[in-house]
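# Here is my input; please provide its structure:
(chains A and B)
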Amino acid sequence: MATVTFDKATRIYPGGDKPAVDALDLHIEDGEFLVLVGPSGCGKSTSLRMLAGLEDVNGGRILIGDRDVTTVPPKDRDIAMVFQNYALYPHMTVADNMGFALKIAGTPKDEIKRRVQEAAKILDLEQYLTRKPKALSGGQRQRVAMGRAIVRQPQVFLMDEPLSNLDAKLRVQTRTQIASLQRRLGVTTVYVTHDQVEAMTMGDRVAVLKDGLLQQVDTPRRMYDHPNNVFVAGFIGSPAMNLLTLDTVDGGVQFGDTVHPVERSALAASGDKMTLGVRPEDLELSSTGLPVQVEVVEELGADAYIYGSLAQPGRDAHQIIARVDGRRPPEKGSTVHFTAKQGHVHLFDQNTGQRIEATA
Amino acid sequence: MSTPTTTPGTTAPGTAASRTAAAQSLQITAARPYPELLDLPWEVPLEEWPDKHLAALPRGISRHVVRFVKIGNRVIAVKETNAEIAHREYRMLRLLNRLEVPSVSPVAVITGRADRDGEPLNSVLITRHLQYSLPYRALYSQTLRPDTAKRAVDALAVLLVRLHLTGFYWGDVSLSNTLFRRDAGAFAAYLVDAETGELYDELSTGQREYDLDVARTNIAGELMDVVASGALEVDMDDVIAISDRIISRYRALWSELTEPESFERGERWRVEARIRRLNDLGFDVGELAITTDIDGTSVRIEPKVVDAGHHSRRLLRLTGLDAEENQARRLLNDLDSYMAAADRQNEDEEIVAHDWMGEVFEPVQRAVPRELRGKLEGPELFHEVLEHRWYLSERAGRDVGLDEAVHSYVEAVLPGKPDERAVLGVDTQAIRVVADD
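Numbers count the residues shown, from 1 in each chain, chains lettered A, B, ... in the order given. Prediction:
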């Protein structure tokens, strides 16, 4: 087991004008489950493939533990790509299906047996070792495939969208299984997904990338509560955070017909407008505040989500999402007012998109 | 949050067709329209399709449900998967086809399926069945000869080099993901499963090495499985030797095709020699970089663009016959000896080829009764007849004529061969992991 370090690692595709991954600095702790997430083209898969040795590194270094692997061939990096190989062999026992790669590598028989036993124990497959894969359920077969990677005892597991070909139900199940298995094994894992829900539910820490640049790396909680910029704020969370461009006034920002108070230091750091972010659950129905025309009410039982647009003449229509009490949701077509919970808004510079911190 | 893609129209009671129309709104993406596709029961999960539509029942379990289906006089392979993967693989296969990489041809993607109750069903990817192609488990009936396994691996090595030259990273190279066609005693390999593949301008060494490592591991695993089934009697060392072959064959071919070569200025014949070696391997040189050092004493050549199919293209140009590379080589050799025997070497090649077709090739094809024509493709049949003639001549101690050879072959050999025009349903034997049950 080992740490993984991207040290200003850069990948520029031949003929590309800007890097697909731009000076990535990222340190992953021993045993950590790190998720790389971002929209398509953000560089997350490229970063993983750089670590796997599938992409040339044009600048910087990549280390596994203390070892610089920047130019080491994939098979000598002591990593395992999980779920890349789906096929189980019908005539071989579960034990042979798990251990066959070790046999090819010339590992002694006793050693193979021991490692297969260990992996089977962790995977809850001990009683199936002598059976053929046909006798297993879908979930058990998946665990056999995991077992193949586990018996190799790699320093790092790499997973690139491993759940993308599963249907929604199986995806949720498998997500939980992978996360809990990783915690039991304690093997450093780098996992790529485009799905922020997957990222937030699985990772010890999450790294958000966009246009080849690392936006933020943090625990899911911190990422949710404290996004560093407008992109992360809008990307993390479902439904997404409301991001509004508001006029700054004395003592705060103009929030409909009220003023949402903002610390003096934060106001001083911005111009005459700033971007205010507020999550759907941090909006409260009120008699004053932001006027919203309700377009869709999505009732989920205890809660309801309101999808509406900002009802302000002279302003661009702006989609607003708010969570309200499911027992008394406003009616579709009505106009309601929202205020934002104090201490639960996020302020960003309107030009740079960077978070503005109140320093007082 | 995904919404079902079905359009719940007004439910009209009455015929099954009108119920179908009401329950689903299909989106069909296809390069060419196949009206027959509309007649298939898309509102039924593939697993439950009635036998009348199926060309064969697959054995074993697959990650995706795959069925071979008859439409008109064609056979198509239908694979159930999610819409995103189906579209992606469809686009990838179209690209590979356009790049003339040997792979199965995509026919269509169908999304928006729903059953009669309006429950959404998986999307499907449809590919054309490749005639006379064989999954590796159909390369043998009872036992797999180690030599057959070696030839399959050799064919896979050629395919992998061709894919890598095109910039295609496969990600899951295996015998199971390949189809084989007979090629004059050898095999020609075709890519079947492009699901994990990606296309780049150029591959990195790491990508090529990873594909090779995966190939070696998968081939060994597949052979170990055949050994476990009792159909291959070799020990572990033999398995490793056969699977290691993918690496040695790949590297030898890759370096001959791509590596620069330097020599003294006086040895200019080596340029010609390199081109001839590449031609012999079945490749044409599209572009060759030649550089000399400053004082002009040494020359460096490096093939920049090589295209597979040297012999196939020549045969196609001369005769209009579409054949695999080794078959083409074999036929061209016969054409050359015909030319020599008739003392027509100085004549226009096209004209002699035309006569050879009429006097040699076509009579052999016509000698095969209609009911036996599905057994082997024309060029492969011709190759077999030539082999048979050689065998007869040796036994008889005299030169046996083609007429005699073809009649003996049709009588004694061909009837015992399996019908290979459409060998179906054996390629899903590897149990895929993600089978939701």
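# In the stretch 251-400 of chain B, which residue sits nearest chain A?
residue B:251 (13.4 Å; CB to the nearest CB). Every C-beta, even on glycine, is put in place using the N, C-alpha and C of the backbone.
# Against residue B:308, how distant is that residue?
17 Å (CB to CB, to the nearest Å).
# Close to chain B: what parts of the stretch 51-200 of chain A are there?
Residues of the stretch 51-200 of chain A lying close to chain B by CB under 8 Å from any CB of the partner chain are A:52-56, A:73-75, A:83-92, A:96, A:100-101, A:103-104, A:133-134, A:137-138, A:141-142, A:144-145, A:164-168, A:170.
# hmm, try it at 7 Å
Residues of the stretch 51-200 of chain A that fall close to chain B, judged by CB under 7 Å from any CB of the partner chain: A:53-56, A:73-75, A:84-92, A:100-101, A:103-104, A:133-134, A:137-138, A:141-142, A:145, A:165-167, A:170.
# Now do the nearest residue to residue B:44 once chain neighbours are set aside: how many residues are near it, please.
Computed as CB to CB, 6 or more residues apart in numbering or on different chains, the closest residue to residue B:44 that is not its neighbour in sequence is residue B:115, at 7.0 Å. Applying other CB atoms under 10 Å in any protein chain shown, we find 17 residues neighbouring residue B:115.
# sorry, back to before: so between residue B:251 and residue B:308, which is more surrounded?
It is residue B:308, of residue B:251 and residue B:308, that has more neighbours when counted by other CB under 10 Å, with 22 against 14.
# Now do the contacts for residue 357.
Because you didn't say which chain, this covers chain A. If you count contacts by CB atoms under 7 Å, 6 or more residues apart in numbering or on different chains, residue A:357 has them with residue A:266.
# that's the other chain; I wanted chain B
So residue B:357 contacts residue B:319 (CB under 7 Å, 6+ apart).
# which residues in the stretch 101-250 of chain A form strands?
All strands of the stretch 101-250 of chain A, identified by DSSP state E, counting those that start in this stretch, fall at A:156-160, A:188-193, A:205-210, A:213-218, A:242-249.
# could I get these as JSON lines with mean neighbour count and mean pLDDT?
Compiled in JSON lines, those are given as follows (neighbours: other CB atoms under 10 Å in any protein chain shown; pLDDT from 0 to 100):
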{"stretch": "strand A:156-160", "mean neighbour count": "23", "mean pLDDT": "94"}
{"stretch": "strand A:188-193", "mean neighbour count": "25", "mean pLDDT": "96"}
{"stretch": "strand A:205-210", "mean neighbour count": "24", "mean pLDDT": "98"}
{"stretch": "strand A:213-218", "mean neighbour count": "20", "mean pLDDT": "97"}
{"stretch": "strand A:242-249", "mean neighbour count": "18", "mean pLDDT": "92"}
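# of all those strands, which lies closest to residue B:193?
In terms of CB to CB, the element of the strands of the stretch 101-250 of chain A nearest to residue B:193 is strand A:156-160, at 17.1 Å.
# which stretches of the chain have low pLDDT?
Went with chain A since none was named. Applying pLDDT under 70 to chain A flags the ranges A:1, A:83-86, A:313-317, A:358-360.
# wait, chain B
B:1-23, B:56-63, B:141, B:423-437.
# any chance you could map the helices in it?
B:16-23, B:83-98, B:146-166, B:205-229, B:236-258, B:269-280, B:310-319, B:325-341, B:349-356, B:362-366, B:378-396, B:402-412 (DSSP state H).
# which stretch among those helices comes nearest residue A:197?
helix B:83-98 (16.7 Å).
# Just want the angle from that closest one to helix B:146-166.
Angle, helix B:83-98 to helix B:146-166, by axes from the mean of the first three to the mean of the last three CA atoms, to 10 degrees: 90 degrees.
# In space, what's closest to residue B:264 - neighbours in sequence excluded?
residue B:298 (5.9 Å).
# For residue B:197, find the nearest of the strands of the stretch 101-250 of chain A.
So among the strands of the stretch 101-250 of chain A, strand A:156-160 is nearest, using CB to CB, at 13.3 Å.
# Can you get me a residue count around the residue nearest to residue B:264?
15.
# isn't it right up against residue B:267?
No. Counting by CB atoms under 7 Å, residue B:298 stays clear of residue B:267, with 9.2 Å between them.
# re the thing from before, with distance to residue B:229 as extra columns, can I get the strands of the stretch 101-250 of chain A in JSON lines?
As requested, the strands of the stretch 101-250 of chain A are arranged in JSON lines below (distance: least, CB to CB, whole Å):
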{"stretch": "strand A:156-160", "distance to residue B:229": "31"}
{"stretch": "strand A:188-193", "distance to residue B:229": "35"}
{"stretch": "strand A:205-210", "distance to residue B:229": "45"}
{"stretch": "strand A:213-218", "distance to residue B:229": "49"}
{"stretch": "strand A:242-249", "distance to residue B:229": "60"}
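# Determine which of those approaches residue B:381 most closely.
Nearest to residue B:381, of these and by CB to CB, is strand A:156-160 at 45.6 Å.
# coming back round to it: for the residue nearest to residue B:264, which residues are in contact?
B:262, B:263, B:264, B:265, B:292.
# so which of those is the most crowded?
Top of the contacts of residue B:298 by neighbour count (other CB under 10 Å): residue B:263, with 16 neighbours.
# separation between the residue of the stretch 251-400 of chain B closest to chain A and residue B:190?
22 Å.
# do residue B:276 as well
28 Å.
# quick one: which of the two has more around it?
Neighbour count, other CB under 10 Å: between residue B:276 and residue B:190, residue B:190 has more, with 18 against 10.
# what's the span of stretch B:252-264 from first residue to last?
Using CA to CA, to the nearest Å, the end-to-end distance of stretch B:252-264 comes to 24 Å.
# show me what contacts residue B:210?
Neighbour list for residue B:210: A:54, A:74 [criterion: CB under 7 Å, 6+ apart].
# residues touching the closest residue to chain B within the stretch 201-350 of chain A, list them.
Here the stretch 201-350 of chain A gets closest to chain B at one residue, residue A:238, 7.9 Å apart by CB to the nearest CB. The neighbours of residue A:238, taking CB under 7 Å, 6+ apart as the test, are A:196, A:197.
# tell me which parts of the stretch 251-360 of chain A are close to chain B?
Residues of the stretch 251-360 of chain A lying near chain B (CB under 7 Å from any CB): none found.
# So which residues of the stretch 251-360 of chain A form helices?
Taking DSSP state H, counting those that start in this stretch, the helices of the stretch 251-360 of chain A run over residues A:264-268.
# where exactly do the strands run in it?
So, for the stretch 251-360 of chain A - with DSSP E, counting those that start in this stretch - the strands run A:252-255, A:258-261, A:273-278, A:283-286, A:290-299, A:303-310, A:319-325, A:335-340, A:345-349.
# count of residues packed around residue B:100?
The burial count for residue B:100: 12, using other CB under 10 Å.
# which residue sits closest to it in space, ignoring its chain neighbours?
Per CB to CB, 6+ apart, closest to residue B:100 is residue B:309, 7.6 Å.
# okay but that neighbour is in contact with residue B:325, surely?
Yes. If you go by CB under 7 Å, residue B:309 and residue B:325 touch, sitting 6.4 Å apart.
# Out of the two, name the residue with the larger neighbour count.
residue B:325 (23 against 18).
# Just give the closest residue to the more buried one, not the sequence neighbours.
residue B:282 is the one closest to residue B:325 (CB to CB, 6+ apart), at 4.4 Å.
# okay, now residue B:75: neighbour count?
19.
# How about the contacts made by it?
B:55, B:68, B:129, B:422.
# Is the second one bridged to anything, and to what?
With DSSP bridges as the criterion, residue B:68 is bridged to residue B:56, residue B:77.
# How much space separates it from residue B:378?
23 Å.
# Over to the first one?
Using CB to CB, one obtains 22 Å as the distance from residue B:55 to residue B:378.
# next one: the third one
Computed with CB to CB, the distance linking residue B:129 and residue B:378 is 18 Å.
# Select from the contacts of residue B:75 the one having the most neighbours.
residue B:129 (23 neighbours).
# count of neighbours near residue A:68?
Around residue A:68 there are 13 residues (other CB under 10 Å).
# Go ahead and confirm it touches residue A:61.
Yes. In this structure, residue A:68 is within contact of residue A:61 by CB under 7 Å, at 5.5 Å.
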